[in-house]
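[1] Predicted model and sequence follow; I will ask about them next.
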Amino acid sequence: MTTTVATRGNAPTSNRAGVWTLVGVQVGFAVLYALGGWLALAHAAELTGHWHVPAQEDAATEGLDVAGGWGWAWPIGYVLQSAPVAAGLGLFVSIMAFLVGYAEGRRQTYALIAGTVVTFAVLLVSLTPAAQSLSGWLLD
């Protein structure tokens, strides 16, 4: 007895799905990081009445309960704090995907390059003193 399976010719292969998944995760994390940073800055502005980059033991927010009544303090602080590690891991995976020739075709190669550039930008921004100060302020 023989079993025959009909497949579609345009079904995505595992490499194609893997490249698009990698790029989607990289861009998605960059958007999450940017949104989290903006929300943290907006929360600091709401607490103090003016826009600034808060720091641990900041004079403007020293006597205030930063996380009090704001349920997003811990998740956003965790995303901001873990961004250098996550972006570094994303860069490593992208470089390995380039080295082994994981992308097939021009569109996937350009998408992988774009994902790598976005991840590198997140890494650079997350290592700045202002970003470190903001994430430390939220988790303090």
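    Received it, and whenever you're ready, just let me know what you need. Numbers count the residues shown, from 1 in each chain.

[2] which residues sit in contact with Gly88?
    Leu123 (Cβ atoms under 8 Å, 6 or more residues apart in numbering). C-betas here are computed from N, CA, C, even on glycine.

[3] list the buried ones in the helix or strand that contains it?
    Per DSSP states H and E, Gly88 falls inside helix 73-99. Going by neighbour count (16 or more other Cβ atoms under 10 Å), the buried part of helix 73-99 is 73, 76-77, 79-81, 83-84, 86-88, 90-91, 93-94, 97.

[4] Identify, from the residues you listed, the entry nearest to Leu39.
    Using Cβ to Cβ, Ile76 comes nearest to Leu39 of the buried residues of helix 73-99, at 5.8 Å.

[5] can you pull the contacts of the residue nearest to Pro84 when sequence neighbours are not counted?
    Nearest non-adjacent residue to Pro84, counting by Cβ to Cβ, 6 or more residues apart in numbering: Ser126, 4.8 Å away. By Cβ under 8 Å, 6+ apart, the contact set of Ser126 is Tyr33, Leu80, Ala83, Pro84, Ala87, Gln132.

[6] Many thanks, I have nothing further to ask.
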